[in-house]
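Trainee: Give me coordinates for this.
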Amino acid sequence: MLDRHGLIPSMSGKGNCYDNAMLETVCKTMNSELIWRTSYQSRRQAENAVARNIDGFYNPVRRHSARGYKSPIKFEDDEKRETVALH
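Mentor: Coordinates of the predicted model:
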């Protein structure tokens, strides 16, 4: 499936914690800010809440210290503008 979509799997050595560090951080933050605080009536309700959180808060609003205290969308927009300005 990965090959069909032009993706390369990440398969680092045993014990390498850096492969999934970013995703682990996102999941931990979402769990503590959203999942653990809410009781969902169905899986669908939980999935919708997670999607709304990612699209409506995490990517456009939540600031990240590793990104200069910018949201992911703001950081990417600034990087695109900087790249275009350099060319």
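Trainee: Quick check, central residue of the protein?
Mentor: Nearest to the geometric centre of the chain sits Val26, at 5.4 Å (C-alpha atoms, centre = their mean).
Trainee: mind listing the helices for this structure?
Mentor: 21-33, 43-53, 72-86 (DSSP state H).
Trainee: Ok, which of these comes nearest Pro60?
Mentor: Closest to Pro60 of the helices of the chain, according to C-beta to C-beta: helix 72-86, at 4.9 Å. From N, CA and C alone the C-beta is placed, and that goes for glycine too.
Trainee: How far does the closest one sit from its chain's centre?
Mentor: 18 Å (C-alpha atoms, centre = their mean, to the nearest Å).
Trainee: Quick check: which ranges of the chain have low pLDDT?
Mentor: 10-19, 86-87 (pLDDT under 70).
Trainee: Apply 80 and report the result again.
Mentor: 8-23, 84-87 (pLDDT under 80).
Trainee: Give me the distance between the closest residue in space to Tyr69 that isn't next to it in sequence and Asp78.
Mentor: Distances taken as C-beta to C-beta, 6 or more residues apart in numbering place Arg63 nearest to Tyr69, at 4.6 Å, with adjacent residues excluded. From Arg63 across to Asp78, the span is 13 Å (C-beta to C-beta, to the nearest Å).
Trainee: again, but for Pro60
Mentor: 14 Å.
Trainee: what is in contact with Arg63 and Asp78 at once?
Mentor: Residues touching both Arg63 and Asp78 by C-beta atoms under 8 Å, 6 or more residues apart in numbering: Lys70.
Trainee: Mind putting the helices of the chain into JSON lines with distance to Arg4?
Mentor: Formatted as JSON lines, these follow (distance: least, C-beta to C-beta, whole Å):
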{"stretch": "helix 21-33", "distance to Arg4": "22"}
{"stretch": "helix 43-53", "distance to Arg4": "25"}
{"stretch": "helix 72-86", "distance to Arg4": "26"}
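Trainee: re earlier: so the residue nearest to the centre of the chain sits right up against Tyr58, yeah?
Mentor: Yes - counting by C-beta atoms under 8 Å, Val26 touches Tyr58, with 7.4 Å between them.
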